[in-house]
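# take this sequence and fold it.
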Amino acid sequence: MSLITYNMDMSAEHMQKIFGQNDRYLKKLETDFQVTIVDRNGAVRVTGEESQVKRCVNILSQLSQVSAGGSEIEEQKVDYAISLSQEENGESLVEIDKEVICHTISGKPIKPKTLGQKQYVDAIRNNMIVFGLGPAGTGKTYLAMAMAITAFKMDEVSRIILTRPAIEAGEKLGFLPGDLQSKVDPYLRPLYDALHQIMGPESFAKNMEKGLIEVAPLAYMRGRTLDNAYIILDEAQNTTPAQMKMFLTRIGFGSKVIVTGDASQKDLPQGTLSGLDVAARVLKNIEDIAFCSLTSRDVVRHPLVQKIVKAYDDYEGSEKRRQDKIKNRETRKNGKR
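Numbering: from 1, shown residues only. Purely as a prediction, here's the structure:
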């Protein structure tokens with residue numbers, strides 16, 4: 001195996017960002033690609049097996065472009081760049097980073113961080129109804145909120161409606177203290193957090209007071225027609241088929257709907273069908289309705305969360321195969337009797 005060395009120019013500022021604190025990201029690249037990376041008088045020198053050096057240099061080049069565009073280099077970006085390089089799809093990282101949906105009140109840009117997230121955002125732009133399916137941490141709710149607030153600020157819609165089923169982990173609204181708002185608030189905290197970050201607490205409170213932002217449990221959608229609104233149904237895996245049908249048939253002219261959910265996190269009584277699962281089967285071929293499936297690769301929380309989600313996915317997959325084998329054996333036994 002022949003070794004090669006590749007030299008690339010890089011400013012000290014970008015080098016510091018890309019290498020990470022205490023060279024943490026540099027060590028990650030060295031380990032993954034079995035190369036040696038050193039800084040030599042303002043140039044980065046990468047030594048190793050030719051194909052691995054080329055892939056590593058490609059990632060360093062992309063991260064340098066992302067850094068030059070003003071973005072922070074986070075561990076998630078480095079991990080995702082490595083992941084993309086294994087699919088020979090490395091150029092995508094720069095393209096993904098170019099897209100900015102909006103900014104938080106502190107000026108931080110909100111943008112998709114993975115290909116799956118970019119496809120989700122594109123689907124929201126191009127379709128009237130979008131189902132965002134995937135595990136926790138994939139950004140499906142936060143990005144939906146960013147798109148809704150952006151449309152509201154640009155007067156594309158006149159109001160934002162946030163809803164979700166009010167049954168979770170065995171709790172029902174009637175058992176919670178207080179009026180409707182205080183009963184619903186704990187369930188909608190992730191949506192409130194996004195609103196505060198993007199819109200600001202004062203603007204949010206003012207629009208809530210005017211009725212331009214509405215928060216209500218799903219049951220309160222019955223009998224209404226929702227025109228010229230951006231409607232987000234969160235935690236849709238906890239809807240029944242009847243609730244999902246009721247909700248989707250409320251949609252009026254000029255409205256856009258985003259339905260988010262995680263099929264692996266159902267809190268419905270055992271044996272109850274999920275409205276999200278039924279909708280995925282019934283509506284998959286209808287024009288202007290899109291289904292986006294995000295995976296553990298799109299998790300943008302701490303890298304450990306990504307590993308946890310993947311471990312559970314693998315476990316649940318193997319458990320399902322095991323149960324299927326048991327059922328098949330029992331079916332064959334019963335057939336022989």
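# show me what the strand or helix carrying Arg189 is in contact with.
For Arg189, the host element (DSSP states H and E) is helix 189-199. Residues outside helix 189-199 that contact it (Cβ atoms under 8 Å, 6 or more residues apart in numbering) are 102-106, 110, 141-142, 145-146, 149, 162, 185, 204, 207, 213, 215, 232, 234. Yep, even glycine has a C-beta here, placed from its N, CA and C like the rest.
# in helices, which of those fall?
Among those, the members found in helices (DSSP state H) are Thr141, Tyr142, Met145, Ala146, Ile149, Phe204, Asn207.
# most neighbours of all those, which one?
When neighbours are taken as other Cβ atoms under 10 Å, the top entry among the ones in helices among the contacts of helix 189-199 is Met145 (30 neighbours).
# that one contacts Ile232, correct?
Yes - shown here, Met145 and Ile232 form a contact pair, counting by Cβ atoms under 8 Å, at 6.9 Å.
# returning to that earlier point: in the helix holding Arg189, which residues are buried?
Using 16 or more other Cβ atoms under 10 Å as the test for burial, helix 189-199 gives Leu191, Tyr192, Ala194, Leu195, His196, Gln197, Ile198, Met199.
# go on, stretch 5-19?
For stretch 5-19, the neighbour count (16+ other Cβ under 10 Å) marks Tyr6, Met10, His14, Met15, Lys17, Ile18, Phe19 as buried.
# centre of the chain to stretch 81-88, how far?
A distance of 19 Å separates the centroid of the chain from that of stretch 81-88, by Cα atoms, centre = their mean, to the nearest Å.
# got a list of contacts for that stretch?
28-29, 32, 55, 58-59, 62-63, 90, 92-93, 115, 297.
# what about 7 Å?
Asp32, Arg55, Asn58, Ile59, Gln62, Leu63, Gly90, Ser92, Leu93, Arg297 (Cβ atoms under 7 Å, 6 or more residues apart in numbering).
# and the third one, how far is that from Ala43?
In this structure, Asn58 and Ala43 are separated by 17 Å, where distance is defined by Cβ to Cβ, to the nearest Å.
# show me the shaky parts of the stretch 1-150 of the chain.
Scanning the stretch 1-150 of the chain for pLDDT under 70 picks out 1, 88-91.
# my read is that Ile213 contacts Ser158, right?
No - in this structure, Ile213 is not within contact of Ser158 by Cβ atoms under 7 Å, at 10.9 Å.
# burial of Ala263, as a residue count?
Neighbours of Ala263 (other Cβ under 10 Å): 15.
# contact partners for it?
Each residue near Ala263 by Cβ under 7 Å, 6+ apart is listed here: Leu133, Gln237, Ser274, Leu276, Asp277.
# pLDDT at it, what is it?
We have a pLDDT of 87 for Ala263.
# Phe175 too?
48.
# likewise Val305?
Predicted confidence (pLDDT) for Val305: 70.
# before we move on, the earlier item: so Asn58 and Ala43 - more neighbours on which side?
When neighbours are counted by other Cβ under 10 Å, Asn58 and Ala43 differ, and Asn58 comes out ahead with 17 against 12.
# secondary structure element for the more buried one, which one?
Applying DSSP H and E as the criterion places Asn58 in helix 50-68.
# for that helix, the distance to its chain's centre please.
Chain-centre distance of helix 50-68: 25 Å, with Cα atoms, centre = their mean.
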